[in-house]
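**Student:** What shape does this take:
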Amino acid sequence: MRQGTLRTAAGALACLLLLASVPAHSKQLKVYQYTQPNGVVAFSDKPPADSPFKVLRYDCFACGVTSSVNFHTTPLFLQQYHQEIQTAARQYQLEPSLLRAVIHAESGFNPRAYSKAGAQGLMQLMPDTAKELGVGDVWLPRQNIQGGAAYLASLLQQFNGNRRLALAAYNAGPGAVSRHAGVPPYAETRAYLQRVDILLRRYQQQSTTL
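**Tutor:** Numbering: from 1, shown residues only. The predicted model follows:
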C-alpha cells in the first residue's frame, strides 16, 4: 500500500474516522478520493499524480480560524456557474455577488465538497435542509445553488433583511443566532463573517465582469 493512501471500504472507514477526529478549529484537512486503474476507490492525504480526484474537506473553505488563506488576494471565481447564479439571484432577489461570495466561502467552488458535518456541494447544504428545500440532487450545481439561494433568502426574511445575522445563521444555524440575540460568540462564525464580507466586496468590485 502506497504511503498516505487508504483503500476501499476499510479505507473509507479510516477516512471518516480521520475526518471526525480533527478538532473543529484546526488547520483544514483535505482527503483526496480517486479511482485506481483496477477500479478500486482509494483515499489519500496527497493528490494522485495520474488520476482524476475529488477533494473531501473536513470543514468549509472559509471557516478554519487558523486558515492561512489570504482572502484579500485569493483568486476569485468570476465565471464559474454564471447562469446558475444569475438565475437563482433573480428568483430570490439576491445580489449575485453575495451568492458568489457565499459559494466561495462555503466550498471554494468545489461542487463535490463534503464537510465533516455532512454539508454537501457548492453551498454546503445539510441533507435535511436540502430535503426541505426540495433539492432532488444536491450534487448538481444548479439545484444546489437554487437550494442555497432559497435558504439564504429565507434567513434574510427571518432576520428582517440583516445580512450579517442571515450569514451567521447560514453558518451556525438560525437557532444559535436567536439564542444569542445576535451573532453567536463562535470563533468560526466570526471568522466566516469577516471572510464572506471581504469576498463580497471583492466580487462587487468585479461585478461588471460577471
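**Student:** Quick check: closest non-adjacent residue to residue 200.
**Tutor:** Using CB to CB, 6 or more residues apart in numbering and skipping the chain neighbours, the partner closest in space to residue 200 is residue 101 (4.1 Å). For glycine as for every other residue, the C-beta is placed from the backbone atoms N, C-alpha and C.
**Student:** per-residue confidence for the one you found?
**Tutor:** pLDDT, residue 101: 98.
**Student:** Run through this structure and note the low-pLDDT ranges.
**Tutor:** 1-33, 41, 43-46, 54-59, 208-210 (pLDDT under 70).
**Student:** what about the strands in it?
**Tutor:** Taking DSSP state E as the criterion, the chain contains strands spanning 5-7, 30-35, 41-44, 53-57.
**Student:** Buried residues, stretch 94-114. List them.
**Tutor:** For stretch 94-114, the neighbour count (16 or more other CB atoms under 10 Å) marks 94, 96-111, 113-114 as buried.
**Student:** Please read the previous query as pertaining to stretch 147-156.
**Tutor:** Residues 147-156 are the ones in stretch 147-156 that count as buried (16+ other CB under 10 Å).
**Student:** Kindly report the same for stretch 185-201.
**Tutor:** So, applying 16+ other CB under 10 Å, buried residues of stretch 185-201: 186, 188-193, 195-200.
**Student:** Take those residues and keep only those in helices.
**Tutor:** Among the buried residues of stretch 185-201, the members falling in helices (DSSP state H) are 188-193, 195-200.
**Student:** Show the residue spans covered by the helices in the chain.
**Tutor:** Along the chain, counting by DSSP H, helices occupy 8-21, 82-92, 96-107, 127-132, 141-158, 163-172, 174-179, 187-205.
**Student:** Can you work out which other helices and strands pack against the longest one?
**Tutor:** Judged by 3 or more CB pairs under 8 Å, 6 or more residues apart in numbering; DSSP states H and E, the packing partners of helix 187-205 are helix 96-107, helix 163-172.
**Student:** Tabulate the ones you listed (a markdown table), appending distance to residue 68.
**Tutor:** Listed next are those as a markdown table, based on distance: least, CB to CB, whole Å:
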| stretch | distance to residue 68 |
| --- | --- |
| helix 96-107 | 16 |
| helix 163-172 | 20 |
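**Student:** so which of these comes closest to residue 52?
**Tutor:** helix 96-107 (18.2 Å; CB to CB).
**Student:** what's next to that closest one, contact-wise?
**Tutor:** For helix 96-107, contacts defined as CB atoms under 8 Å, 6 or more residues apart in numbering pick out 57, 60-63, 76-77, 81, 85-86, 88-89, 109, 113, 119, 121-124, 145, 148-149, 152, 163, 167, 170, 192, 195-196, 199-200, 202-204, 207, 210.
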